[in-house]
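**Student:** I need the structure of the sequence given here:
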Amino acid sequence: MSKISRHPVLNVLVGFVLMFMGIDEFLQETLPDYKGFFEVHHAVILIGLTMALKGLIEMGERLEFALAEYEAKTAAQNDQNKA
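**Tutor:** Numbering: from 1, shown residues only. From the prediction side, this is the model:
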């Protein structure tokens, strides 16, 4: 999952989708007869989803690192106590 959320293609796709949403919103505001496809809430949902995904993956990686350090520390203490 981390490979997907950090992949540059995802960032490019999200960027292009947000750009097209912005252009669509701009056309809705400037051209009275233009009926747009996107609404602003779609962009907010997209940004929120990608940010939450990246945040959850980072939290999981940090927790995994902290647990590995804790296990190494307790193993070293157990080895010292046995000696």
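**Student:** Give the buried residues for stretch 16-30.
**Tutor:** Residues Leu18, Met21, Asp24, Glu25, Gln28 are the ones in stretch 16-30 that count as buried (16 or more other CB atoms under 10 Å). In short, each C-beta sits where N, CA and C put it, glycine included.
**Student:** can you list contacts of it?
**Tutor:** Tyr34, Lys35, Gly36, Phe37, Phe38, Glu39, Val40, His42, Ala43, Leu46, Ile47 (CB atoms under 8 Å, 6 or more residues apart in numbering).
**Student:** same question for stretch 15-24, mean pLDDT?
**Tutor:** Stretch 15-24 shows a mean pLDDT of 82.
**Student:** CA atoms only for that stretch - export them in CSV, please.
**Tutor:** Extracted C-alpha coordinates of stretch 15-24, given in CSV (Å, rounded to 0.1, in the frame of the first residue of the first chain):
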residue,chain,number,x,y,z
GLY,A,15,-2.9,16.7,-9.7
PHE,A,16,-4.5,16.4,-13.1
VAL,A,17,-7.9,15.5,-11.7
LEU,A,18,-7.8,18.5,-9.4
MET,A,19,-6.7,20.7,-12.2
PHE,A,20,-9.6,19.5,-14.4
MET,A,21,-12.0,20.0,-11.5
GLY,A,22,-10.7,23.6,-11.1
ILE,A,23,-11.1,24.3,-14.8
ASP,A,24,-14.6,22.8,-14.7
